[in-house]
Every structure is written in structure tokens, then in C-alpha cells.
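Participant: Dropping a prediction and its sequence here:
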Amino acid sequence: MEFFADYFRELYEATGWNFVIFYEQYEYDRFLEGMWVSIKLIFASLLFSLVVGFVGAWAQGAKSRIVRYGISGYIQLFRNTPPFVQILFFYFVLGNLTPSYDAGGYQVAYIESFGWAVISLGFFAGAFNVEIFRSGIEAVPESTVEAAEALGYTRLKSYIYIIFPLAFRVCLPALNNNLVNLLKTTTLAYGIAVPEMMYTANQIWSDNVNVSEMMIVLFVFYVGLVAILVYGMHKWEKKMKIPGYG
Amino acid sequence: MIKTITHRALCAFLLATFTLATTQAYAANDRFMKVMERGKLVVGVKADYKPWGFRDSNGKLVGMEIDMAQDVADALGVELELVPVQSSNRMQFLEQGKIDLMIATMSDRSDRRKLVGIPEPNYYTSGTNLLAKKGMIKSWSDLKGKPVCGKQGAFYNKIVSKRYGAKVVAFVNNAESKQALRDGKCVGWVYDDSSIGSDLASGQWDGYEMPLNSEDDNPWGLAVPVEEMNGIWGNFMSGMQYRWHVSGRLVELEKKWGIQPTAFLKMQSEKLMPARKHLK
């Protein structure tokens, strides 16, 4: 570790390439913190968007017309507005309408910027996930659904045990795509001061005037994360493969 | 032993590639000559920092620093083009040649002098202070553990969090950070005392105050490309700034834009004035 730090310090002195995060404790801690917040943010919003997609796709086939219209309204709204606008709207407009308590001169909201980022990003990607899941559901043969019905499955039970597992396999590649997109979109959370990687890198390069170096670090970080996500999704895809299906 | 050798070799290699990239730097008057050739001076200014650089109701860039940029263009006898810059990208704009001169409320700091040329004398100064609800904050140490709004890219974010343990919540623009302060999301807004002063003077911040002693008084510097610091450009801009101080032009502009008069400008013109004393 000591050698590592010395190396980057010497690199800076010799060449001007200032990777300050690798040799100064304060910046290193900030960097790790930003990385950790980013990973939490990505994980939470991925999970939330999947839940939204799962529930939404089921509700799309609901008997009630109100539910169906509600879902399609939600999809139109979230697919057709920029995610950055959504994040700002959630934080600055809805954030002020939700409950908070006074902590001695300032308000602490029960949902803070991190929470709003997860909610808005989750809804944003969730809108796409609903449509992706729907494409999978429509690919499940009618006869399979009827067979489930004949066996006495209710609509919900057949969705959970028969339709969704099959549909999920069909739409995994498209889902994969959307999740990668969501991962990259999480950087927008810097706009509402969520101290994630982009925000932290911005602070570090402003304090140390090492823009190019931090850009490289940012780039490597996100390439790495996307690679891990894609690798995991491919593994999953392979593992879930049913012989003779899809 | 081997470790150091490979290590040195790598450094030498990087050094070699780097010198290759910077050798052109010695043609010290390129940018200045280019300005004169094309008859147009491109200046990077702020677009969101009232009253130094901001947009008026017609969307035009105006402000004290824009007037200064106009003075420079007039002195050179060329046209002026303004390019809005951000704190986080202004030095890169200058390095990459997107602008010829930068007058963008930049504090003059030694690490910045490695990247851009900052000719003396400094044209302005300001310190760090806080905009907060009246009676809320009495000293800097009151900020410990509390959320303080700020702007992304400002150097005092780090100082306030490191020195006083404040939790800095930094937004992209001042508008958002001030909105967050109004919404009560933080106890105060940490920024430049001169800017907070003009906010308070605007009458939109009744019930708010600037309760602390300004810290880290920092001279501001305009900037030319670092390789032209000792060429025509750097020397010319030193001359411009010297004349601005001596002629009282900066004090005049300060008044025009409703900025609280600073002791610095008065001191500076008194300090530089002796050059004319023998003429009495």
C-alpha cells in the first residue's frame, strides 16, 4: 500500500499526472465513499426498477380498466420525460411536500436525496421494464396459459409460477440492456447532491485541478461496473436456460 | 532495486510522452497573435454569478467582468465574443484554446498557477462566508455535523468540511443550492462573501444574514494561457489590471453593479498610485 502511494506521488512529481486519490488519505476516503454510495445507489435502483417492472407488467393485464389506464399513463409519463428532469422534480417538488422534522434549524426529510434518486431512477427504468416484461409475457404461448388455467391456477398464481418465469427468460437480453442503461443513468443523481461517484469526482477534480486524471478514473470505474453487471446477467441467462425453449 | 528501476523507467517513459505534448508551449505569443489576426477576442466569463457575470432579462451576458472584458477588447481594438464557463471547466476551456482570456471570478491559487497564467496585480478579492437564517449560526464551529449547502466545484467546500466538520451538500448551480437553503434542507449556504453581500442587498433574502467573519481572503485572478504568461498576453493583462486600479475604473464598476465596496480595491489603488506621485 505504501509503495502504491509512493508510486503515484512520484508519478505526479515526475510527469504531472495527479492521481491524488491514491496517495492522499482525505481524497482516498472521499473516493471510496463515493464509490460505495454509487454501488448502493445502483443496486437499490436496479432492484426497485425490477419490482416496478414485475408489478406493472402484471397490472397491465388486470381486469380493471382504471388500473390498466393508470399503468399506461405512468409508462407514457416516465418514458417521455428526461430522467434528469424527473430527478429534479422528485427532489425539489415532491421532496418539499413529503414529511420532515426539524433538527434544530434545518429540516430533515424522511426521504432524503439518496431516497429520491432511487425512487425516480427506479420509476424511470421501471417504465421500460414494464414494457420489456410485457414483450416476454406476450411471447408465452396462449396454450400454456390455458393449460395453467385448466389446472386451476388463479390469474396471480399462474403469473407468478408459469407465465413470469417463462416470460423472464425471453426478455432477459432486453432487460440486460435496460439495466446497463440504468446503471449509467445513476450518475445524474449528482444533480441533487447525492454524493456518488460523479459528484465525488467533480469535487476532487475541482479541489486538485486534475480533471483528466479523474475522468480516466470515472471511465474505468463505470466500464468495470458495467462489465460486472453484464457478466452476471449473462451467467444468469445461461443458468436459467431451459433446453428446447427460446 | 529492480522495483525502483522499472519504476523509474515507467516515469521516464511518461515524462517523455509528456514533454512531447508540451514542447509546442514555447511559442509564447500564439494565442495573442491569433486574437489580433482574427480581430476577435474570446473571453470566458460566468453566466450565473450575479453581478460579475450573469444574463439580463434579454438573455444577454452582462456584469462587472463582462465590462472588464469589453475594456480589454477595446484596448486591443478587436471585437469581443463571450463564452459562458463554469468553475469546474474554466481552466480547461483556456488550456484547450476555446477561450483566449478568462475573467471568471477565479481565486488565485498556487495549484491553479500550474495550469493557467495569472498576471498580477489581482483585480479583486473575496473570502468565504455563510448565508443563513437570522440567529441560527453564530460561529463557524456551529456548523459541525450540520448540512451546509454549496456549489459543486468550489474550493471552500473541502475547507468547510475538513476544518469545521460541516456536511457539505453541493449542487450544480447556485440557484439549486439557494433553493435548498430556502427549503430548509441545510442550515446555510457557504459561498463567497461578495456574492452573498449582493444577494442580501437584492432584497430577496429578508430574514437571512451573513453571520460569520469571512475566512480565507483570496485574491481573484484573470487568466491567460500559461505558456503566454511571460509573453505579450500576460504582460498586456498586467498592464490592463494596473491601469484599472490606478484609474479607479474598478471602483467605478463596483459601484455600477451595486457591489459592496471592498477595502481591497481602495487599498490597491493607494498602493499602486505612488507611481504617479512625482508628477505633482
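Facilitator: Great, that's in hand. Keep in mind that what you see is a predicted model, and the values were worked out from it rather than measured.
Participant: Is there a neighbour count for residue 172? I'd like the number.
Facilitator: Reading this off chain A. Residues contacting A:Leu172 under the criterion other C-beta atoms under 10 Å in any protein chain shown number 19. The C-beta positions use only the backbone N, C-alpha and C, and glycine is treated the same way.
Participant: oops, I was thinking of chain B
Facilitator: 20.
Participant: Repeat that for A:Asp102.
Facilitator: Here the count is done by other C-beta under 10 Å, and A:Asp102 has 9 residues near it.
Participant: Who are the contact partners of it?
Facilitator: A:Val108 (C-beta atoms under 8 Å, 6 or more residues apart in numbering or on different chains).
Participant: Quick check: phi and psi at it.
Facilitator: phi -80, psi 130 (degrees, to the nearest 10).
Participant: likewise B:Glu209?
Facilitator: Per-residue torsions, B:Glu209: phi -150, psi 170 (degrees, to the nearest 10).
Participant: How about B:Lys151?
Facilitator: The phi/psi pair for B:Lys151 (degrees, to the nearest 10) is phi -110, psi 140.
Participant: wait, it sits on B:Ala170?
Facilitator: Yes: in this structure B:Lys151 lies within contact range of B:Ala170 using C-beta atoms under 8 Å: 6.0 Å.
Participant: Name the residue in these two with the higher neighbour count.
Facilitator: A count of neighbours by other C-beta under 10 Å puts B:Lys151 above the other of B:Lys151 and B:Ala170, at 28 against 24.
Participant: What would stretch A:135-151 look like as PDB? C-alpha coordinates only.
Facilitator: Extracted in PDB, the C-alpha atoms of stretch A:135-151 (Å, rounded to 0.1, in the frame of the first residue of the first chain):
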ATOM      1  CA  SER A 135     -43.000  -8.400 -24.500                       C
ATOM      2  CA  GLY A 136     -41.900 -11.500 -22.700                       C
ATOM      3  CA  ILE A 137     -45.400 -12.200 -21.400                       C
ATOM      4  CA  GLU A 138     -46.800 -11.900 -24.900                       C
ATOM      5  CA  ALA A 139     -44.300 -14.400 -26.100                       C
ATOM      6  CA  VAL A 140     -45.700 -17.100 -23.800                       C
ATOM      7  CA  PRO A 141     -48.000 -19.300 -25.900                       C
ATOM      8  CA  GLU A 142     -51.700 -18.900 -25.300                       C
ATOM      9  CA  SER A 143     -52.000 -22.700 -24.900                       C
ATOM     10  CA  THR A 144     -49.600 -22.600 -21.900                       C
ATOM     11  CA  VAL A 145     -51.700 -20.000 -20.200                       C
ATOM     12  CA  GLU A 146     -54.800 -22.100 -20.800                       C
ATOM     13  CA  ALA A 147     -53.200 -25.200 -19.600                       C
ATOM     14  CA  ALA A 148     -52.300 -23.400 -16.300                       C
ATOM     15  CA  GLU A 149     -55.900 -22.200 -16.100                       C
ATOM     16  CA  ALA A 150     -57.200 -25.800 -16.700                       C
ATOM     17  CA  LEU A 151     -55.000 -26.900 -13.800                       C
END
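Participant: hey, where'd the helices end up in the chain?
Facilitator: Using chain A. Using DSSP state H, the helices of chain A run over A:2-15, A:25-60, A:65-79, A:83-89, A:95-97, A:113-139, A:142-150, A:155-158, A:164-185, A:197-208, A:211-240.
Participant: Let me rephrase: I mean chain B.
Facilitator: Assigned by DSSP H, the helices in chain B fall at B:2-22, B:30-38, B:64-76, B:90-95, B:110-113, B:156-164, B:174-182, B:193-201, B:232-247, B:249-256, B:263-272.
Participant: And the second one, what's buried?
Facilitator: Neighbour-count burial for helix B:30-38, counted by 16 or more other C-beta atoms under 10 Å in any protein chain shown, picks out B:30-32, B:35.
Participant: for chain A, what are the nearby residues on the stretch 51-200 of chain B?
Facilitator: Contact residues, the stretch 51-200 of chain B versus chain A (C-beta under 8 Å from any C-beta of the partner chain): B:87-89, B:91-92, B:111-112, B:114-115, B:133, B:136-137, B:146-147, B:152-155, B:157-158, B:162, B:169-172, B:176, B:179-180, B:183-187.
Participant: So for A:Ala189, what's the pLDDT?
Facilitator: Per-residue confidence (pLDDT) for A:Ala189: 95.
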